[in-house]
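Trainee: Using only what follows, build the 3D model:
(2 chains)
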Amino acid sequence: MVFRKWVRPVVVLAAFMALTSCASTKVTRVSSDTQIDLSGRWNDTDAQMVANAMINDVVSRPWISDFMAQANRKPVVIVGDVRNRTDEHIDPVVFTKSLERELLNSGKVKFVASSDERSDVRAERASQQGETSPETMKKLGDETGADFYLGGVITSVIDASEGQKVVFYKINLELTNIQTNEKVWIGDKEIKKIIDKNAVKW
Amino acid sequence: MGNNGLVLGCLVLALGLTSCVTMTRNALFQQADAGANDRDYARAARMLDGPDSKKYYGDKDQVLRYLDTGMLYQLGGQPDQSIKRLEEADRLIDENYTKSVSNAVASFVLNDYQLEYFGEAYEDIYVNVFKAIDYIQLGRYEDAGVEIRRVNTKLNLLEDKYGRFADSLNASPTARGAVKPGRTEFHNSALARYLSALLYRAENRPDDAALDLRNLREAFATQPNLFNFAVPKLDEAPQAPGTVRLSVLAFTGRSPLKRANNLRINTLQNLIVISQQTEDAAGNLEFTNMAPLAFPGVEQGYNFKAELPEMVLRPSRVTKIRVLVDGVPAGELSLIEKLDTIAHETFALSQTPIFFKTVIRTVTKGILTKKAKDAALQAASSAGSLGTALAFAGGLAADLAVDASEQADLRIARYFPGRASVGEFDVAPGTHTVSVEYFGPRGELLYRDPGVAKPYQAGGLNLFASFDLE
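Mentor: Predicted coordinates for the structure are as follows:
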């Protein structure tokens, strides 16, 4: 009788433990533009913020109107290397894709595929020769050449004291006329982050 | 004194019994070390990284799991596997440090080895140096540059990091401001500067490369206790036209280990017994001293045991390293950094807090155990001689339990090398086999790294890394 009195709570406890152990992983979906900072390191929010600000700046400068007055067409830009000189492993693709998207969405310039992407496109075009119907086959040697090259560097300075870490990122981008090597725009954007290690709870 | 004689006899027997079964953490690694000694790094890595990993590393020692296996994969020529593990070690060092600072009070109650391990200072620095070498092997120079910049950032913040840890300990009511932060001379790594110069050279930025080589020389000038040898001759001779500059890095010896040393004080009526144990090479604790000392006025029943880690070097027998290109001697390498000396010197940063914590913990435990034993004896005295004997046996068991709970934290990475040497040679562009010979003190050849045929091209970074960890 005493044994039976104990059976029910033990079963309930075991069931509760089993259920809670199964529910240890919780996933919440959030909008991709939600700002989330876990470690304080460079993340997609930083990439997006910088790309937005810098492209807004570059497309509002007079080099576009100067070029259009001279060539009577929109300038063609290629997004090149953005060098990482920080002490974090930053995936350059995330940042350069953000730049490309902002540049294209501005509607003020055209841009061509980067050198990595071009080789794939060229391989595809080469494979079309002789294999694809003449009406749809794309011609060789008919690529659009870029007028300007956009490249730059991300640097960072770190300071820390009393459990607080301050990371100062500086992003420098330059737009260079490919024909003349003339720099037509230089822009920079700074981000300062304060990471409070004492705020981390375990 | 008759009663004291009986108690002393029991004490000797009890201490003898504990010494028979006392092995330290180091004894666990004999097989893995043997694999590394045979240069079968894959076998050693599999042993430590496989399903039996928990035998070697507890939940709180995961930093060491990733440091050890990361280094073994690098030694075994698997840079991608090495990067994954060293990156995890790097992340955990940072995470565990934050936990330790916010949980400092616990370290006055618990032994250090029961707390999350956040790495020795030198492990925190060299994890990035060796990751940089992995990235260079994979041709990912930008990532290698990230690692070198991390080294410099960590070096700039090194004393601050340990100062903050001491502050967090002092915030505990038990410490009462007793914990002093350790100091170190180490603030500039010549090896990291050299790797940085190589990366700048590969990017065709000679001014930046020259600046790093100047910083390398400064490391020798400003840290004479750590760099008490000649500055290697680098980049001094202009590169012969039409040649490729080949950089060779060779690592020898092993990083230091920690061994346990303990001191125990037991008190009898008007007598103290001092005993000392030290760890042998196989990881066994052996009695090295035991002496009774008349001490009038001292009370019976105190038991204090303090066990502290000592860092011991594992020096290399290599005295000369020669490089051969396609079987033809090209020259010798020069020492650039004594990683083991730096490990030993920077150990002072954590050693000082360890010492204070151990003393405070030992004294607290000793006093509390004595009070508990006295209370038990008093309660048992009414139960006659059998009760007193049982209480005495219980007291002895309590002392042994306290002894067992007080162990030195011997956690340390095992497979970092002890020394780094470097040399540069101009060779014709094309495929070459670079081999490295390691010689002992009598000129005897200890090991020959045969190398493999590899293309060396102008304009890139032509680094050959060789290891002889003996």
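Trainee: just the strands in chain A please.
Mentor: A:76-85, A:110-112, A:148-161, A:164-177, A:183-196 (DSSP state E).
Trainee: what about the fourth one, average pLDDT?
Mentor: In this case it means strand A:164-177. For strand A:164-177, mean pLDDT rounds to 92.
Trainee: who touches residue B:449 in this structure?
Mentor: Contact analysis of residue B:449 by Cβ atoms under 8 Å, 6 or more residues apart in numbering or on different chains lists B:250, B:435-438, B:466-468. (Each C-beta comes from the backbone N, C-alpha and C, glycine too.)
Trainee: mind checking which helix or strand of chain B has the lowest mean pLDDT?
Mentor: Across the helices and strands of chain B, mean pLDDT, DSSP states H and E gives its lowest value to helix B:2-21, namely a mean of 54.
Trainee: got the buried residues for the helix or strand just after it?
Mentor: Per DSSP states H and E, the first helix or strand lying C-terminal to helix B:2-21 is helix B:30-37. Applying a neighbour-count criterion of 16 or more other Cβ atoms under 10 Å in any protein chain shown, one finds B:32-33, B:35-36 buried in helix B:30-37.
Trainee: same thing with stretch B:258-276?
Mentor: Within stretch B:258-276, the residues scored as buried using 16+ other Cβ under 10 Å are B:258-262, B:264-268, B:271-273, B:275.
Trainee: same deal with stretch A:150-166?
Mentor: Applying a neighbour-count criterion of 16+ other Cβ under 10 Å, one finds A:150-154, A:156, A:158, A:160, A:163, A:165 buried in stretch A:150-166.
Trainee: what would the buried residues of helix B:30-37 look like in a markdown table with pLDDT?
Mentor: Listed next are the buried residues of helix B:30-37 as a markdown table, based on pLDDT from 0 to 100:
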| residue | pLDDT |
| --- | --- |
| B:32 | 91 |
| B:33 | 91 |
| B:35 | 90 |
| B:36 | 91 |
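Trainee: of all the residues you listed, which comes closest to chain A?
Mentor: residue B:36 (28.7 Å; Cβ to the nearest Cβ).
Trainee: Pull the contacting residues for the closest one.
Mentor: The contact partners of residue B:36, by Cβ under 8 Å, 6+ apart, come to B:44, B:72, B:75, B:414-415, B:469.
Trainee: Identify the farthest-apart pair in those.
Mentor: Longest distance between any two of the contacts of residue B:36 is 11.6 Å, between B:75 and B:414; criterion Cβ to Cβ.
Trainee: Quick check: the residue of chain A nearest chain B.
Mentor: For chain A, Cβ to the nearest Cβ, closest residue to chain B: residue A:87, 3.9 Å.
Trainee: Could you pull up phi and psi at that residue?
Mentor: Dihedral pair for residue A:87: phi -110, psi 30, per degrees, to the nearest 10.
Trainee: Return the closest of the buried residues of helix B:30-37 with respect to residue A:112.
Mentor: Nearest member of those to residue A:112, counting by Cβ to Cβ, is residue B:36, at 52.3 Å.
Trainee: Show me the beta-bridge partners of residue B:257.
Mentor: Beta-bridge partners recorded for residue B:257 (DSSP bridges): residue B:312.
Trainee: Let me know whether it touches residue B:314 as I believe.
Mentor: Yes: Residue B:257 lies in contact with residue B:314 (Cβ atoms under 8 Å); the separation is 6.5 Å.
Trainee: The stretch 201-350 of chain B: helices as residue ranges?
Mentor: Applying DSSP state H, counting those that start in this stretch to the stretch 201-350 of chain B gives helices spanning B:206-222, B:339-381.
Trainee: right, and those - which one's nearest chain A?
Mentor: The nearest among the helices of the stretch 201-350 of chain B, by Cβ to the nearest Cβ, is helix B:206-222 at 10.4 Å.
Trainee: how about that closest one, does it reach chain A?
Mentor: No: applying Cβ under 8 Å from any Cβ of the partner chain, one finds helix B:206-222 out of contact with chain A, separated by at least 10.4 Å.
Trainee: Tell me the spacing between residue A:74 and residue A:187.
Mentor: Look at residue A:74 and residue A:187: by Cβ to Cβ, to the nearest Å, they are 20 Å apart.
Trainee: Could you count how many residues lie near the residue of the stretch 51-200 of chain B found nearest chain A?
Mentor: Nearest residue of the stretch 51-200 of chain B to chain A, counting by Cβ to the nearest Cβ: residue B:149, 3.9 Å away. Per other Cβ atoms under 10 Å in any protein chain shown, the neighbour tally for residue B:149 reads 22.
Trainee: Residues in a beta bridge with residue A:193, which ones?
Mentor: When bridges are called by DSSP bridges, residue A:193 pairs up with residue A:167.
Trainee: okay, now it: neighbour count?
Mentor: So residue A:193, with other Cβ under 10 Å, has 16 neighbours.
Trainee: Next, the buried residues of stretch B:347-366.
Mentor: For stretch B:347-366, by 16+ other Cβ under 10 Å, it's B:347-354, B:356-358, B:360-362, B:365-366.
Trainee: taking the contacts of residue B:36 one by one, which sit in strands?
Mentor: Secondary structure of the contacts of residue B:36 is defined by DSSP E; no position falls in strands.
Trainee: you'd agree residue A:193 is up against residue A:159?
Mentor: No: look at residue A:193 against residue A:159 with Cβ under 8 Å: they stay out of range, at 11.3 Å.
Trainee: residues shared between the contacts of the two?
Mentor: A:166, A:168.
Trainee: Do you know the pLDDT at the residue most central in space within chain B?
Mentor: The centre of chain B sits closest to residue B:412, judged by Cα atoms, centre = their mean, with a distance of 3.9 Å. What the model reports as pLDDT for residue B:412 is 95.
Trainee: what about it, distance to residue B:49?
Mentor: Taken as Cβ to Cβ, the span from residue B:412 to residue B:49 is 18 Å.
Trainee: Also residue A:64?
Mentor: Applying Cβ to Cβ to residue A:64 and residue B:49 gives a distance of 56 Å.
Trainee: Next: residue B:166.
Mentor: 34 Å.
Trainee: ditto for residue B:252
Mentor: Distance from residue B:252 to residue B:49, by Cβ to Cβ: 25 Å.
Trainee: The two: who's more crowded?
Mentor: For residue B:252 versus residue B:49, neighbours defined as other Cβ under 10 Å are more numerous around residue B:252 (27 against 20).
Trainee: That one contacts residue B:466, correct?
Mentor: No: the criterion here is Cβ under 8 Å, and residue B:252 misses it with residue B:466 at 9.4 Å.
Trainee: first vs last residue of stretch A:171-191, how far apart are they?
Mentor: Using Cα to Cα, to the nearest Å, the gap from the first to the last residue of stretch A:171-191 comes to 8 Å.
Trainee: List the contacts of that stretch.
Mentor: Under Cβ under 8 Å, 6+ apart, the answer for stretch A:171-191 is A:46, A:49-50, A:53-54, A:57-58, A:61, A:63, A:66, A:77-78, A:82, A:99, A:145-155, A:168-170.
Trainee: And residue B:37, how far from residue A:123?
Mentor: 50 Å.
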